[in-house]
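coords below, sequence missing:
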């Protein structure tokens, strides 16, 4: 008889909804290196071979999401405006004011209207979360 003890450590990531902080999602695997680090997931490049799977909307039932990585502009850095983004409304205002944009790792192409024009990275992320009802109302 074997008496093994197995220990598993998982990071449940926090985020904001409606200006309130929640610990609500975990990421297991990511197909691109930078989003893998940002989301604390296992770098799994083979996920990039999965064909199109959805729009990463809260109404999608798949745990497979596209990453939309944003970055602060040089203007934001120079003006010391870098801070934590706490809601979709906050993100929208920052993008409209020109101090947040799609990250350099995001390939050229059209942005997603539902995310204020941010372009996806083409990285696939396996993310498990339960969006709140108010979160789902932000999307068609």
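Perfect, thanks for sending it. Here the structure is a predicted model, which is why all the values come from computation and not from measurement.

only C-alpha atoms from now on, for both contacts and neighbour counts.
OK.

in this protein, where's the longest strand?
Ranked by number of residues, the top strand in the chain under DSSP state E is strand 20-30.

so which elements touch the following helix or strand past it?
Remark: after strand 20-30, the chain's next helix or strand is helix 33-39, criterion DSSP states H and E. For helix 33-39, the elements it packs on are strand 20-30, strand 42-43, judged by 3 or more Cα pairs under 8 Å, 6 or more residues apart in numbering; DSSP states H and E.

if you average the pLDDT over helix 33-39, what comes out?
Summarised as a single mean, pLDDT over helix 33-39 is 81.

what residues sit buried inside it?
Within helix 33-39, the residues that qualify as buried are 35-36, 39, counting by 16 or more other Cα atoms under 10 Å.

just those now: which is nearest residue 18?
Proximity of those to residue 18 (Cα to Cα) peaks at residue 39, which lies at 20.7 Å.

surely the closest one and residue 27 touch.
Yes: with contact defined as Cα atoms under 8 Å, residue 39 counts as touching residue 27 (6.4 Å).

got any residues that touch both of the two?
Counting by Cα atoms under 8 Å, 6 or more residues apart in numbering, residue 39 and residue 27 have no contacts in common.

contacts for the helix or strand hosting residue 89?
Per DSSP H and E, residue 89 falls inside helix 88-96. For helix 88-96, the external contacting residues (Cα under 8 Å, 6+ apart) are 17-18, 85, 100-101, 115-116.

swap in 6 Å and give it another go.
Contacting residues not belonging to helix 88-96 are listed as residue 100 [Cα atoms under 6 Å, 6 or more residues apart in numbering].

in it, what counts as buried?
Of the residues in helix 88-96, those buried (16+ other Cα under 10 Å) are 88, 91-92, 94-95.

beyond that helix, next helix or strand please.
With secondary structure assigned by DSSP H and E, helix 88-96 is succeeded by strand 100-102.

for that next one, packing partners?
strand 70-72 (3 or more Cα pairs under 6 Å, 6 or more residues apart in numbering; DSSP states H and E).

partners of the strand it packs on in the sheet?
With DSSP bridges as the test, strand 70-72 is paired with strand 100-102 (antiparallel).
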